[in-house]
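**Q** below is the sequence, then the predicted model.
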Amino acid sequence: MDPFAITQQDYIELHKIVNNIWLMLVCAFSFSGNMLLAHAIIPSLLESGSVSKSWNKFRAPFYFMGFISATAYVGLAVYSIILGDVISNFWSDYWI
């Protein structure tokens, strides 16, 4: 079974899917970096006495940015799945 021709609109939607996958990668790195700072590095530095106790106030913004990154990741994943319906326009059999 041959696939159908891909239209310009199909290419636009496929481009959006690829962009979303790259943005999901950025969100994953952002989430992991923020959580690492907020949950491991800052508390370790506070316990060892390497930094002053005033650094504890920076943990909440890092947790918040981690939550925002995780939410953006899930949103982009859902949007990419919704856009993935474009594949059926030119390739009707998913199992090949």
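**A** That came in fine, so what should we check first?
**Q** give me every residue that touches the closest residue in space to residue 73 that isn't next to it in sequence.
**A** Leaving out its chain neighbours, the residue that sits closest to residue 73 by Cβ to Cβ, 6 or more residues apart in numbering is residue 27, at 4.0 Å. For glycine as for every other residue, the C-beta is placed from the backbone atoms N, C-alpha and C. Counting by Cβ atoms under 8 Å, 6 or more residues apart in numbering, residue 27 touches 69-70, 72-73, 76.
**Q** and residue 10, by the same measure?
**A** Residue 10 touches 86, 89-90, counting by Cβ under 8 Å, 6+ apart.
**Q** from the contacts of residue 27, which land in helices?
**A** 69-70, 72-73, 76 (DSSP state H).
**Q** counting neighbours, what do you get for residue 76?
**A** Residue 76: 20 surrounding residues under other Cβ atoms under 10 Å.
**Q** figure out how far the worst-scoring helix or strand of the chain on mean pLDDT is from the centre of its chain.
**A** One helix or strand of the chain scores below all others by mean pLDDT, DSSP states H and E: helix 87-90, with a mean of 79. Counting by Cα atoms, centre = their mean, to the nearest Å, helix 87-90 is centred 25 Å from the centre of its parent chain.
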